[in-house]
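[1] sequence first, then the predicted structure, then my questions.
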Amino acid sequence: MTSLPFDRKDLPLPCRTLDFEGSGHVVCELDLRSYDIRLALNGIDGKPYGSLASFIAGQRLSAPLVLSMNAGMYEPDMRPVGLHVEDGRTIAPLNTNPGEGNFYMEPNGVFFVRHDGTAGILSTRAYAKDRPNARMATQSGPMLVIEGKLHPRFEPNGTSRFIRNGVGVRDVHTIILAISTETVSLGRFARLFRDELGCSDALFFDGMISALSNERKTLIGGADPVGPILAVYGKG
(Lines give C-alpha, C1' and ligand atoms only; values in the text may rest on other atoms or scores of the structure.)
Protein backbone atom coordinates (compact mmCIF):
# COMPACT_ATOMS: atom_id res chain seq x y z
CA MET A 1 0.00 0.00 0.00
CA THR A 2 1.21 3.50 -0.77
CA SER A 3 1.80 6.00 2.03
CA LEU A 4 -1.43 7.16 3.65
CA PRO A 5 -2.57 10.81 3.67
CA PHE A 6 -3.53 10.51 7.35
CA ASP A 7 -2.35 9.00 10.60
CA ARG A 8 -3.88 5.55 11.20
CA LYS A 9 -4.85 6.56 14.75
CA ASP A 10 -7.22 9.14 13.27
CA LEU A 11 -9.34 6.56 11.47
CA PRO A 12 -12.91 6.34 12.81
CA LEU A 13 -13.57 3.21 14.90
CA PRO A 14 -15.57 1.30 12.24
CA CYS A 15 -12.95 1.95 9.54
CA ARG A 16 -9.80 0.11 8.50
CA THR A 17 -7.23 0.25 5.74
CA LEU A 18 -7.35 -2.47 3.11
CA ASP A 19 -5.14 -3.39 0.16
CA PHE A 20 -7.08 -4.86 -2.77
CA GLU A 21 -5.49 -5.86 -6.07
CA GLY A 22 -2.48 -3.76 -5.17
CA SER A 23 -4.40 -0.54 -4.40
CA GLY A 24 -5.04 1.04 -1.01
CA HIS A 25 -8.49 1.75 0.40
CA VAL A 26 -10.26 2.70 3.59
CA VAL A 27 -13.40 0.66 4.30
CA CYS A 28 -15.92 1.42 7.04
CA GLU A 29 -18.30 -1.39 8.02
CA LEU A 30 -21.44 -0.12 9.74
CA ASP A 31 -24.11 -2.10 11.58
CA LEU A 32 -27.19 0.12 11.36
CA ARG A 33 -28.39 -1.16 14.70
CA SER A 34 -25.40 0.67 16.22
CA TYR A 35 -25.03 3.62 13.85
CA ASP A 36 -27.40 6.23 12.47
CA ILE A 37 -26.94 7.28 8.83
CA ARG A 38 -28.07 10.76 7.78
CA LEU A 39 -27.82 12.91 4.69
CA ALA A 40 -27.05 16.64 4.69
CA LEU A 41 -26.70 19.40 2.13
CA ASN A 42 -27.35 22.81 3.71
CA GLY A 43 -26.31 24.43 6.96
CA ILE A 44 -28.53 26.47 9.27
CA ASP A 45 -28.04 29.46 6.97
CA GLY A 46 -29.75 27.55 4.17
CA LYS A 47 -26.60 27.43 2.07
CA PRO A 48 -24.72 24.25 1.06
CA TYR A 49 -21.94 23.25 3.44
CA GLY A 50 -19.66 22.76 0.43
CA SER A 51 -17.04 20.81 2.38
CA LEU A 52 -16.71 18.21 5.11
CA ALA A 53 -14.79 20.74 7.21
CA SER A 54 -17.73 23.18 7.12
CA PHE A 55 -20.12 20.35 7.93
CA ILE A 56 -18.08 19.31 10.97
CA ALA A 57 -17.86 22.92 12.17
CA GLY A 58 -21.64 23.29 11.83
CA GLN A 59 -22.60 20.29 13.93
CA ARG A 60 -25.29 21.04 16.52
CA LEU A 61 -26.64 17.53 17.13
CA SER A 62 -26.45 15.76 20.47
CA ALA A 63 -25.55 12.44 18.82
CA PRO A 64 -21.78 11.92 18.39
CA LEU A 65 -20.52 12.30 14.82
CA VAL A 66 -18.37 9.31 13.80
CA LEU A 67 -17.50 10.12 10.19
CA SER A 68 -18.68 11.92 7.07
CA MET A 69 -18.23 11.40 3.34
CA ASN A 70 -19.35 13.03 0.10
CA ALA A 71 -22.45 11.17 -1.08
CA GLY A 72 -23.74 12.13 -4.49
CA MET A 73 -23.06 14.26 -7.54
CA TYR A 74 -24.08 17.90 -7.76
CA GLU A 75 -24.71 20.75 -10.17
CA PRO A 76 -22.45 23.85 -10.35
CA ASP A 77 -24.71 25.59 -7.79
CA MET A 78 -24.31 22.57 -5.44
CA ARG A 79 -27.84 21.25 -6.02
CA PRO A 80 -27.96 17.44 -6.13
CA VAL A 81 -28.11 16.00 -9.63
CA GLY A 82 -30.53 13.32 -8.46
CA LEU A 83 -32.75 12.23 -5.59
CA HIS A 84 -31.89 13.68 -2.19
CA VAL A 85 -34.04 12.79 0.84
CA GLU A 86 -33.26 14.07 4.33
CA ASP A 87 -35.29 12.97 7.36
CA GLY A 88 -38.09 11.83 5.06
CA ARG A 89 -38.19 15.15 3.15
CA THR A 90 -37.47 15.13 -0.56
CA ILE A 91 -35.04 17.98 -1.26
CA ALA A 92 -34.42 16.98 -4.90
CA PRO A 93 -36.51 14.55 -7.01
CA LEU A 94 -35.50 11.29 -8.62
CA ASN A 95 -33.68 11.97 -11.90
CA THR A 96 -34.69 9.56 -14.68
CA ASN A 97 -33.42 11.73 -17.55
CA PRO A 98 -30.71 10.60 -19.98
CA GLY A 99 -27.41 12.46 -20.02
CA GLU A 100 -23.64 12.31 -20.28
CA GLY A 101 -21.16 11.36 -17.57
CA ASN A 102 -20.91 8.81 -14.77
CA PHE A 103 -24.19 9.75 -13.10
CA TYR A 104 -26.14 8.78 -16.21
CA MET A 105 -24.30 5.51 -16.94
CA GLU A 106 -27.24 3.12 -16.63
CA PRO A 107 -27.96 1.40 -14.49
CA ASN A 108 -27.41 4.18 -12.00
CA GLY A 109 -29.08 3.90 -8.62
CA VAL A 110 -30.17 5.03 -5.18
CA PHE A 111 -28.76 4.23 -1.74
CA PHE A 112 -31.42 4.58 0.94
CA VAL A 113 -32.22 3.89 4.57
CA ARG A 114 -35.85 3.15 5.39
CA HIS A 115 -37.73 4.54 8.37
CA ASP A 116 -37.33 1.14 10.07
CA GLY A 117 -33.54 1.55 9.93
CA THR A 118 -32.82 -1.01 7.21
CA ALA A 119 -30.81 -0.13 4.12
CA GLY A 120 -30.87 -0.93 0.44
CA ILE A 121 -29.53 -0.02 -2.99
CA LEU A 122 -31.78 -0.16 -6.03
CA SER A 123 -31.31 0.83 -9.63
CA THR A 124 -33.06 4.09 -10.47
CA ARG A 125 -35.69 2.22 -12.48
CA ALA A 126 -36.37 -0.21 -9.62
CA TYR A 127 -36.53 2.63 -7.08
CA ALA A 128 -39.05 4.51 -9.23
CA LYS A 129 -41.19 1.37 -9.36
CA ASP A 130 -40.90 0.22 -5.74
CA ARG A 131 -40.82 3.63 -4.00
CA PRO A 132 -39.42 2.36 -0.68
CA ASN A 133 -40.34 4.25 2.49
CA ALA A 134 -37.01 6.09 2.69
CA ARG A 135 -35.93 8.24 5.61
CA MET A 136 -32.78 9.19 3.68
CA ALA A 137 -31.80 8.57 0.08
CA THR A 138 -29.16 9.72 -2.36
CA GLN A 139 -29.04 9.00 -6.07
CA SER A 140 -25.78 8.59 -7.94
CA GLY A 141 -24.22 6.56 -10.68
CA PRO A 142 -23.16 4.27 -11.99
CA MET A 143 -24.13 1.22 -9.96
CA LEU A 144 -20.95 -0.72 -9.18
CA VAL A 145 -22.56 -4.06 -8.35
CA ILE A 146 -26.11 -5.07 -9.31
CA GLU A 147 -27.47 -8.21 -7.63
CA GLY A 148 -23.98 -9.71 -7.49
CA LYS A 149 -22.94 -8.72 -11.01
CA LEU A 150 -20.52 -5.98 -12.03
CA HIS A 151 -21.80 -3.05 -14.09
CA PRO A 152 -21.88 -4.31 -17.69
CA ARG A 153 -20.07 -1.27 -19.12
CA PHE A 154 -16.99 -1.54 -16.91
CA GLU A 155 -13.69 -2.67 -18.34
CA PRO A 156 -11.71 -4.99 -16.02
CA ASN A 157 -9.21 -2.22 -15.32
CA GLY A 158 -9.86 0.82 -17.50
CA THR A 159 -7.53 3.76 -18.05
CA SER A 160 -9.74 6.26 -16.14
CA ARG A 161 -8.19 6.39 -12.66
CA PHE A 162 -9.32 8.58 -9.76
CA ILE A 163 -9.61 8.54 -6.00
CA ARG A 164 -13.11 7.03 -5.77
CA ASN A 165 -15.72 6.41 -3.08
CA GLY A 166 -18.99 4.56 -2.80
CA VAL A 167 -21.33 2.48 -0.66
CA GLY A 168 -22.27 -1.18 -0.62
CA VAL A 169 -25.00 -3.14 1.15
CA ARG A 170 -24.09 -6.58 2.51
CA ASP A 171 -27.47 -7.14 4.15
CA VAL A 172 -30.31 -4.88 5.32
CA HIS A 173 -28.47 -4.09 8.57
CA THR A 174 -24.90 -3.78 7.21
CA ILE A 175 -23.52 -1.15 4.88
CA ILE A 176 -19.93 -0.58 3.84
CA LEU A 177 -18.47 2.77 2.86
CA ALA A 178 -15.23 2.68 0.91
CA ILE A 179 -12.80 5.23 -0.47
CA SER A 180 -9.55 4.55 -2.30
CA THR A 181 -6.37 6.14 -1.02
CA GLU A 182 -4.87 6.10 -4.51
CA THR A 183 -6.27 6.30 -8.02
CA VAL A 184 -8.23 3.23 -9.15
CA SER A 185 -10.43 2.22 -12.08
CA LEU A 186 -14.18 1.69 -11.78
CA GLY A 187 -13.70 -2.00 -12.53
CA ARG A 188 -11.28 -2.53 -9.67
CA PHE A 189 -13.40 -0.44 -7.31
CA ALA A 190 -16.49 -2.50 -8.19
CA ARG A 191 -14.64 -5.79 -7.58
CA LEU A 192 -13.60 -4.49 -4.17
CA PHE A 193 -17.24 -4.35 -3.12
CA ARG A 194 -18.28 -7.64 -4.67
CA ASP A 195 -15.27 -9.89 -4.22
CA GLU A 196 -13.61 -8.55 -1.05
CA LEU A 197 -16.44 -6.91 0.90
CA GLY A 198 -19.27 -9.30 0.02
CA CYS A 199 -21.77 -6.70 -1.18
CA SER A 200 -24.44 -7.88 -3.60
CA ASP A 201 -25.25 -4.27 -4.48
CA ALA A 202 -22.99 -1.21 -4.49
CA LEU A 203 -23.23 2.36 -5.75
CA PHE A 204 -20.53 4.76 -6.92
CA PHE A 205 -20.59 8.16 -5.21
CA ASP A 206 -17.89 10.11 -7.04
CA GLY A 207 -14.30 10.30 -8.18
CA MET A 208 -11.59 12.97 -7.88
CA ILE A 209 -13.57 15.02 -5.29
CA SER A 210 -13.96 12.03 -2.94
CA ALA A 211 -13.45 12.86 0.73
CA LEU A 212 -13.65 11.23 4.17
CA SER A 213 -13.55 12.73 7.66
CA ASN A 214 -13.56 11.56 11.23
CA GLU A 215 -15.45 13.55 13.86
CA ARG A 216 -12.82 16.31 13.92
CA LYS A 217 -11.14 16.75 10.54
CA THR A 218 -10.92 15.68 6.92
CA LEU A 219 -8.64 12.68 6.41
CA ILE A 220 -8.86 12.15 2.64
CA GLY A 221 -9.61 14.84 0.06
CA GLY A 222 -11.03 18.18 1.06
CA ALA A 223 -9.49 20.38 -1.62
CA ASP A 224 -12.57 20.22 -3.86
CA PRO A 225 -16.17 21.19 -3.03
CA VAL A 226 -18.68 18.49 -2.07
CA GLY A 227 -22.48 18.57 -2.39
CA PRO A 228 -24.57 15.94 -0.56
CA ILE A 229 -22.87 14.66 2.59
CA LEU A 230 -23.42 11.30 4.23
CA ALA A 231 -22.92 11.48 7.99
CA VAL A 232 -22.62 8.61 10.44
CA TYR A 233 -23.56 9.06 14.10
CA GLY A 234 -23.31 6.73 17.06
CA LYS A 235 -26.46 5.49 18.76
CA GLY A 236 -26.94 5.50 22.51
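    It's in.

[2] which parts of stretch 219-228 are buried?
    219, 220, 221, 222, 225, 226, 227, 228 (16 or more other Cβ atoms under 10 Å). C-beta: built from backbone N, CA, C; applies to glycine.

[3] let me know the closest of those residues to residue 32.
    residue 228 (18.8 Å; Cβ to Cβ).

[4] and the gap between residue 17 and residue 184?
    14 Å (Cβ to Cβ, to the nearest Å).

[5] does residue 37 really touch residue 229, like I thought?
    No. Contact between residue 37 and residue 229 fails when scored by Cβ atoms under 8 Å: they sit 11.4 Å apart.

[6] neighbour count winner among the two?
    More crowded of residue 37 and residue 229, by other Cβ atoms under 10 Å: residue 229, with 25 against 21.

[7] next one: that one, what pLDDT does it get?
    Here the pLDDT value assigned to residue 229 is 98.

[8] which stretches of this protein have low pLDDT?
    1-2 (pLDDT under 70).

[9] tell me which stretches of it form helices.
    Taking DSSP state H as the test, the helices found in the chain are 52-57, 124-130, 186-191.

[10] may I see these arranged in CSV, with mean neighbour count as well?
    Listed next are those as CSV, based on neighbours: other Cβ atoms under 10 Å:
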stretch, mean neighbour count
helix 52-57, 18
helix 124-130, 15
helix 186-191, 23
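
[11] closest to residue 81 out of those?
    Going by Cβ to Cβ, the one of the helices of the chain nearest residue 81 is helix 124-130, 11.6 Å.

[12] residue at max distance from the center of this protein?
    Note on the chain: the largest separation between a C-alpha and the mean C-alpha position, by Cα atoms, centre = their mean, falls on residue 45 (24.5 Å).

[13] ok, back up a step: distance to residue 68 added to the helices of the chain, as TSV?
    Putting the helices of the chain into TSV (distance: least, Cβ to Cβ, whole Å) gives the following:
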stretch	distance to residue 68
helix 52-57	5
helix 124-130	24
helix 186-191	20
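
[14] among those, which is nearest residue 206?
    Sorting the helices of the chain by Cβ to Cβ, the top spot, which is the nearest, belongs to helix 186-191 at 11.4 Å.
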